[in-house]
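Student: here you go, sequence then predicted model.
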Amino acid sequence: MAVDAGCGWLHSAKRNPWTAIAEREGFAIDRSSPNWGVQWRDLGYPPEEQAAFRAAYERWDEAAHDALDGPDRPLSDFIAADDPWRPMIDAISGYANGAPLDRVSLHDWAAYEDAATDDNWALPAGYGTLVVHQAGDVPVRLNTPVTRIDHRRRAIRLDTPAGTIEADRVILAVPTTAYAGIAFDPPLPDKLDAAAALPLGLADKVFLAVDRPEWPAQAHLIGNPHSACTASHRLSPFGLPIVESFFGGACAEAMPDGRAASDFAIEDLVGLLGSDWRRRLAPVHATHWRGEPHIHGSYSHARVGQAGQRAVLAAPVDDRLFFAGEACSRHDFSTAHGAYQTGVDAAEAILHLMGAAPRP
């Protein structure tokens, strides 16, 4: 049984390069709906409340888009603090951005939203499995962090605990949280400022084993639509006897460890399914991305007024240092396909400089 602790969805799947890679490599793709807008049996969320939420979300979305021609603002500006559906929209911002509405740039959010499509597919073998497969026999050194990049001379020197590597050109693809831990010589203050303007939010998952699922495969539940701290529960993905509970933003930040997160996910479900389910759900695994060495978060969002920093972060330095990763994508940040495409773009730019044709 494969589960993805990180990226799990082929977002914008029809234009997602990982979709074509999966098809080419013979990976099965589940093209069924994720059912995010469907509450199984309407538990705890009657149809009239679902309709009221959809109307509130549409008003918020329309107000945000109407403001795009003006100065950047936080997403919280477009819904009243006391609106009964503000908590649910904050929860969704936690899922999508890893941060609450008041921390997220309108202009950055719209760049993603207006480029995204509604086709969200999944890989039964695991998204991570596909990524590892695609790497093939490329030599990879794990647990070898680069601590210093000396680009004063023709040969760039990269210091690591295992020794120094020299290269004519380098592609740097690290989380924005990692930039401050790398000593650049000469310094690159613009890169450090850009990385700081694009902090990693937080989204985590809990996986629960179920003794006897009573729902169809791919069913879905929102734990409490009136709380900003609630999970999106994916019931029996691919027909497996598990629940994948996903939550983010301030809710995820409040979880000190995996045990607390598992307890939260179980209680969120018990509130809908009944107390008998407390003994029918068993924790299997919980992520804690904020505590993950070298990462310390999930995916980036732009601070208000800082959406343009994605282009600053992505810009090459002297055509020798190139930068990639989800935070470098102007439209597909926070995704595996955004990260992949920035890496491809950087590699093709280097090949062009070398006078070599990129791989078809």
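Tutor: Sure thing, it's come through.
Student: wait, isn't Pro241 in contact with Leu208?
Tutor: No. Using C-beta atoms under 8 Å, Pro241 is not in contact with Leu208; the gap is 9.7 Å. Bear in mind the C-beta positions are built from the backbone N, C-alpha and C, glycine included.
Student: neighbour-wise, which of those two wins?
Tutor: The residue with more neighbours, out of Pro241 and Leu208, is Leu208; 22 against 12, by other C-beta atoms under 10 Å.
Student: mind listing what's buried in the host helix or strand of the more buried one?
Tutor: Taking DSSP states H and E as the criterion, Leu208 maps to strand 203-210. By 16 or more other C-beta atoms under 10 Å, the buried positions in strand 203-210 come out as 203-208, 210.
Student: and it, what's its mean pLDDT?
Tutor: Per-residue pLDDT values over strand 203-210 give a mean of 99.
Student: and that strand, what other elements does it pack with?
Tutor: The contact analysis (3 or more C-beta pairs under 8 Å, 6 or more residues apart in numbering; DSSP states H and E) places strand 203-210 against strand 242-248, helix 258-273, strand 281-286.
Student: what lines up beside that strand in the sheet?
Tutor: Sheet pairing here is set by DSSP bridges, and for strand 203-210 it gives strand 242-248 (antiparallel), strand 281-286 (antiparallel).
Student: so which of those strands is the most packed in?
Tutor: Most buried of the strands paired with strand 203-210, by mean neighbour count (mean count of other C-beta atoms under 10 Å): strand 242-248, with a mean of 24.
Student: next helix or strand past that one?
Tutor: For strand 242-248, the following helix or strand on the C-terminal side (DSSP H and E) is helix 250-253.
Student: quick one on the thing from earlier: include distance to Pro145 and mean pLDDT when you put the strands paired with strand 203-210 into a markdown table, please.
Tutor: Putting these into a markdown table (distance: least, C-beta to C-beta, whole Å; pLDDT from 0 to 100) gives the following:
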| stretch | distance to Pro145 | mean pLDDT |
| --- | --- | --- |
| strand 242-248 | 26 | 99 |
| strand 281-286 | 25 | 98 |
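Student: any chance of those in JSON lines, plus distance to Asp83?
Tutor: Listed next are the strands paired with strand 203-210 as JSON lines, based on distance: least, C-beta to C-beta, whole Å:
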{"stretch": "strand 242-248", "distance to Asp83": "20"}
{"stretch": "strand 281-286", "distance to Asp83": "31"}
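Student: what's the separation between Ile295 and Gly239?
Tutor: Going from Ile295 to Gly239 by C-beta to C-beta, to the nearest Å gives 31 Å.
Student: tell me the contacts of Arg169?
Tutor: Contacts here follow C-beta atoms under 8 Å, 6 or more residues apart in numbering; on that basis Arg169 touches 156, 319-322, 350, 353.
Student: in the stretch 251-360 of the chain, which spans are strands?
Tutor: Along the stretch 251-360 of the chain, counting by DSSP state E, counting those that start in this stretch, strands occupy 281-286, 321-324.
Student: residues in contact with the shortest one?
Tutor: Taking contacts as C-beta under 8 Å, 6+ apart, the residues outside strand 321-324 that touch it are 149, 151, 156, 169-173, 188, 191, 313-316, 339, 342-343, 345-346, 349-350.
Student: switch the cut-off to 10 Å
Tutor: Strand 321-324 is contacted by residues 149, 151, 156, 169-174, 179, 184, 188, 191, 194-195, 312-317, 328, 338-347, 349-350, 353 when judged by C-beta atoms under 10 Å, 6 or more residues apart in numbering.
Student: if any of these are buried, put those into a ChimeraX selection.
Tutor: Entered in ChimeraX, the line below selects the buried ones among the contacts of strand 321-324, by 16+ other C-beta under 10 Å:
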select :149,151,156,169,170,171,172,173,174,179,184,188,191,194,195,312,313,314,317,328,338,339,340,341,342,343,345,346,347,349,350
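Student: pLDDT-wise, what's the bottom of the contacts of Arg169?
Tutor: Where pLDDT dips furthest among those: Leu353, at 94.
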